[in-house]
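Visitor: No sequence on hand, only this structure:
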């Protein structure tokens, strides 16, 4: 019996004429060059990440070389997801069962999931009003938690002051791992996110900046981290098929004691991604224009606030976030009213997790945390919209109108 994906039914429309209706999860088509490269691979049947015989290098190895050059890293390891990259980063840095790992309280489930996968214990750091990590709370917990790793999430593309983060981490002997699922192509002070600490982790999920359906990239300049990540990702003993690899003596230190977790990216996924790297600059420019148009429209609604972007942040926003000063019941009414007008808005203060959206209060597997009043306050009013590259200025105007009408109804409820 075969099954197919069935989209959610369209919401019942309101009686008024205001209607958006565009699917914000739509992505641009995969480039023809990528499709052709994938077809050649499928016709060859050589879809596995390694080959026992044959000349040349597999597609993931070529992708690694190209992406490392793009961000300016010594090594890149292509894996099955950004969550896999974060897990491998933690293991490669020596995180052991029961160890404490600092991490952002404003993030998505794969981040605490990677920590749980490593059998470690997450210690959440407060979120600031601009959706970045609160640096004062980070400094306190870096000094008192006993953690040796900070898994920093640049959640939804909001980049925390990385120079100060590094200073705090260096002061306390903490290794910095950056979750860059939402910041591929973004920079802080002109330097790529993901290259400020020991390890950077990126996503090639459909909704991110390049699209292979699912996939991840790990970058590092550390020989031992790179060798372990290559071995753990599932190279068997075929690490010589990695163009970017540490010297043989580094592998000799690790190859008998490092498990294979079978997390390597497939040939097919890498073939789809390689031609997309050249599109990152132009896509970033378009996303910033869409963000500016939407921010202008959203700011017209009373009670809406948007974060002021730091001038040191060269961001690549594939979504937009804003806060709305309403009570929780009113926030739910706002989300419902937007849906009635064909606009799917996510709310990070929702009482129960829905689809991709959840918050730290839903992750009952976490160890007991200190009170997080600031994060609760920020997330209770935080709303989120995907911004597909197909959005036009007219679309942004309609979105602004829908948000304004829905907020007005919710505020009077």
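Guide: Received it, and whenever you're ready, just let me know what you need. Just so it is clear, the structure is predicted and the values come from calculations on it, not from any experiment. Numbers count the residues shown, from 1 in each chain.

Visitor: Show me which parts of the strand or helix carrying residue 401 are buried, residue by residue.
Guide: Assessed by DSSP states H and E, residue 401 sits inside helix 393-411. Neighbour counts over helix 393-411 (16 or more other Cβ atoms under 10 Å) mark 395-396, 398-407, 409-411 as buried. Using the backbone N, CA and C atoms, a C-beta is placed for each residue, glycine as well.

Visitor: Please name every helix or strand in contact with that helix.
Guide: helix 280-298, helix 328-340 (3 or more Cβ pairs under 8 Å, 6 or more residues apart in numbering; DSSP states H and E).

Visitor: shouldn't residue 359 be in contact with residue 379?
Guide: Yes: taking Cβ atoms under 8 Å as the definition, residue 359 is a contact partner of residue 379 at 5.3 Å.

Visitor: what sits in contact with each of those two?
Guide: The overlap between the contact sets of residue 359 and residue 379 (Cβ atoms under 8 Å, 6 or more residues apart in numbering) consists of 106, 348, 349.

Visitor: Between the residues you listed, identify the one with the most neighbours.
Guide: Most neighbours among those, by other Cβ atoms under 10 Å: residue 106, with 26 neighbours.

Visitor: wait, isn't that one in contact with residue 153?
Guide: Yes: counting by Cβ under 8 Å, residue 106 touches residue 153, with 7.1 Å between them.

Visitor: intersection of neighbour lists for these two?
Guide: By Cβ under 8 Å, 6+ apart, the residues touching both residue 106 and residue 153 are residue 133.

Visitor: Let me see the domain layout of the chain.
Guide: Using automatic domain parsing, the domain ranges for the chain come out as 32-278, 280-411.

Visitor: And the first one, end to end?
Guide: Okay, so that is domain 32-278. In domain 32-278, first residue to last residue: 13 Å (Cα to Cα, to the nearest Å).

Visitor: Run through the protein and note the low-pLDDT ranges.
Guide: For the chain, applying pLDDT under 70 flags the ranges 1-15, 52-54.

Visitor: would you list every one of the helices in it?
Guide: 32-44, 59-71, 82-92, 110-117, 135-144, 162-171, 223-233, 248-254, 267-273, 280-298, 328-340, 373-380, 393-411 (DSSP state H).

Visitor: what's the closest of those to residue 308?
Guide: Closest of the helices of the chain to residue 308 is helix 280-298, at 10.5 Å (criterion: Cβ to Cβ).

Visitor: mind listing what's buried in the closest one?
Guide: Of all the residues in helix 280-298, those buried under the rule 16+ other Cβ under 10 Å are 283, 284, 286, 287, 290, 291, 293, 294, 295, 297, 298.

Visitor: Now do the closest residue to residue 363 other than its chain neighbours against residue 387, distance only.
Guide: Nearest non-adjacent residue to residue 363, counting by Cβ to Cβ, 6 or more residues apart in numbering: residue 112, 5.4 Å away. Distance, residue 112 to residue 387, by Cβ to Cβ, to the nearest Å: 26 Å.

Visitor: now residue 360
Guide: Distance, residue 360 to residue 387, by Cβ to Cβ: 25 Å.

Visitor: go on, residue 152?
Guide: From residue 152 over to residue 387 the distance is 23 Å, taken as Cβ to Cβ.

Visitor: What of residue 146?
Guide: Distance from residue 146 to residue 387, counting by Cβ to Cβ: 40 Å.

Visitor: which one of those two has more residues nearby?
Guide: Neighbours per residue (other Cβ under 10 Å) separate residue 146 from residue 387, with residue 387 holding more: 20 against 12.

Visitor: residues in contact with the residue sitting nearest the centre point of the chain?
Guide: Ranked by distance to the mean C-alpha position of the chain (Cα atoms, centre = their mean), the top residue is residue 181 at 2.1 Å. Neighbouring residues of residue 181 by Cβ under 8 Å, 6+ apart: 82, 108, 110, 153, 154, 201, 202, 203, 205, 208.

Visitor: swap in residue 180?
Guide: Contacts for residue 180 were tallied using Cβ under 8 Å, 6+ apart; they are 154, 186, 193, 194, 200, 201, 202, 203.

Visitor: List the residues that contact the first one.
Guide: Residue 154 makes contacts with 160, 178, 179, 180, 181, 182, 183, 186, 193, as judged by Cβ under 8 Å, 6+ apart.

Visitor: May I ask which two of those residues are separated the most?
Guide: Farthest pair in those, by Cβ to Cβ: 160 and 181, 14.5 Å.

Visitor: Apart from its chain neighbours, what residue comes closest to residue 143?
Guide: Going by Cβ to Cβ, 6+ apart, residue 143 has residue 172 as its nearest residue, at 6.1 Å.

Visitor: so how many other residues sit close to that neighbour?
Guide: 19.

Visitor: Could you measure from it over to residue 138?
Guide: Separation of residue 172 from residue 138 (Cβ to Cβ): 10 Å.

Visitor: do the same with residue 148
Guide: Taken as Cβ to Cβ, the span from residue 148 to residue 138 is 14 Å.

Visitor: Quick check: closest non-adjacent residue to residue 284.
Guide: Per Cβ to Cβ, 6+ apart, closest to residue 284 is residue 316, 4.3 Å.
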